[in-house]
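Engineer: Coordinates only, no sequence provided:
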Ligand code: PXL
């Protein structure tokens with residue numbers, strides 16, 4: 001067997017070689033830095049059909065060039081149109097829920113200590129204990145970092161199918177603990193109605209509701225109007241004392257779900273990438289509208305349409 005030549009290679013002096021190495025390393029770290037995408041964290045539930053929840057958030061982050069981190073709060077077994085079961089991560093009784101809440105908090109804390117997170121979003125938080133854990137973890141992070149990371153709260157309460165996803169007493173925990181930390185809250189008409197204990201049925205009522213929520217929680221509000229007005233899907237932003245409208249043609253006869261998750265994830269990706277709130281929302285509205293237009297279409301064995309957003 002021929003032995004390998006282990007003698008030192010001939011080449012530049014040690015100092016020159018050191019300088020060259022240093023230059024290469026600098027260039028490499030500059031490349032690595034410039035290649036690293038913005039980072040965003042989603043704290044949400046898992047949707048087995050992957051149209052909504054943490055799966056929709058990750059697909060949206062990727063499509064918009066953002067590296068997504070996750071903290072899972074609950075597991076939802078479902079297909080489009082039917083939620084079969086919602087299970088908080090490993091929780092059956094209150095004691096276990098507190099244990100779960102600790103797991104959720106630890107996921108967030110360890111990620112925030114390690115990654116340069118540019119924005120955070122919350123989706124389905126499922127229970128009072130989990131909302132408290134998330135609020136506590138985010139409050140602590142802000143305190144130790146000495147700055148606020150933009151926080152987008154999608155107050156998921158009811159699925160597109162009409163199934164309830166949040167236990168009713170948890171609304172109080174949202175109000176008291178999490179909303180005060182929000183940069184932006186993105187309720188739909190039903191969620192805003194539950195929060196304000198009223199029905200929102202007109203454009204004027206929408207304007208009143210957006211302002212009332214913004215005043216109550218000192219946060220910007222994006223109230224999603226869905227199909228309230230004719231052929232347009234109109235959303236109202238109340239931000240820094242001003243109302244602004246975002247609209248797109250309303251898509252009829254669509255059987256997708258997860259548009260709310262996708263919308264708030266896209267806004268979070270925009271904020272993590274340094275866009276202003278208004279620009280992030282404008283880009284996200286377009287992204288959601290396009291994801292609906294180019295949706296995937298299957299048929300279930302019983303012949304029912306089975307559709308999913310193409311992120
Ligand atoms: O679209 C609301 C939603 C959010 N999060 C999870 C879901 C759903 C709807 O089904 O499963 C995990």
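Structural biologist: Okay, I see it. Quick caveat: nothing in here was measured; it's all calculated off a predicted structure. Residues are numbered from 1 along each chain as shown.
Engineer: the helices in the chain, which residues?
Structural biologist: 14-35, 53-63, 94-114, 128-145, 170-173, 189-196, 203-217, 259-272, 277-293 (DSSP state H).
Engineer: Ok, which of these comes nearest residue 151?
Structural biologist: helix 128-145 (6.5 Å; CB to CB). C-beta: built from backbone N, CA, C; applies to glycine.
Engineer: that older thread, looking at the helices of the chain, which is buried most?
Structural biologist: Mean neighbour count (mean count of other CB atoms under 10 Å) peaks for helix 259-272 among those, with a mean of 29.
Engineer: Please name every helix or strand in contact with that one.
Structural biologist: The contact analysis (3 or more CB pairs under 8 Å, 6 or more residues apart in numbering; DSSP states H and E) places helix 259-272 against strand 39-47, helix 53-63, strand 117-122, strand 151-153, strand 220-224, helix 277-293.
Engineer: for the third one, packing partners?
Structural biologist: The criterion is 3+ CB pairs under 8 Å, 6+ apart, and the helices and strands that strand 117-122 contacts are strand 39-47, strand 151-153, helix 259-272.
Engineer: With distance to residue 74 added, can I get these in JSON lines?
Structural biologist: As requested, those are arranged in JSON lines below (distance: least, CB to CB, whole Å):
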{"stretch": "strand 39-47", "distance to residue 74": "4"}
{"stretch": "strand 151-153", "distance to residue 74": "16"}
{"stretch": "helix 259-272", "distance to residue 74": "13"}
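Engineer: can you put the helices of the chain in TSV and add mean pLDDT and distance to residue 85?
Structural biologist: Below are these laid out as TSV (pLDDT from 0 to 100; distance: least, CB to CB, whole Å):
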stretch	mean pLDDT	distance to residue 85
helix 14-35	52	41
helix 53-63	98	14
helix 94-114	67	16
helix 128-145	85	17
helix 170-173	95	18
helix 189-196	95	21
helix 203-217	96	31
helix 259-272	98	18
helix 277-293	97	26
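Engineer: Can you tell me which of those is nearest to residue 245?
Structural biologist: Residue 245 lies closest, by CB to CB, to one member of the helices of the chain: helix 203-217, at 9.5 Å.
Engineer: okay, the angle between the closest one and helix 189-196?
Structural biologist: Per axes from the mean of the first three to the mean of the last three CA atoms, to 10 degrees, the angle that helix 203-217 makes with helix 189-196 is 50 degrees.
Engineer: Count the neighbours of residue 180 for me.
Structural biologist: Using other CB atoms under 10 Å, residue 180 has 13 neighbouring residues.
Engineer: Next one: the residue nearest to it when sequence neighbours are not counted from residue 238, what distance?
Structural biologist: In this structure, residue 180 finds its nearest non-sequential neighbour in residue 217, 6.2 Å apart by CB to CB, 6 or more residues apart in numbering. Distance, residue 217 to residue 238, using CB to CB, to the nearest Å: 11 Å.
Engineer: Residue 266 now?
Structural biologist: 19 Å.
Engineer: And residue 181, by the same measure?
Structural biologist: Separation of residue 181 from residue 238 (CB to CB): 18 Å.
Engineer: Neighbour count for the two, which is higher?
Structural biologist: Comparing residue 181 with residue 238 by other CB under 10 Å, the one with more neighbours is residue 238, at 22 against 19.
Engineer: So which residues on the stretch 101-250 of the chain come close to the ligand?
Structural biologist: Taking CB under 6 Å from any ligand atom as the criterion, the stretch 101-250 of the chain approaches the ligand at residues 123, 124, 156, 159, 160, 165.
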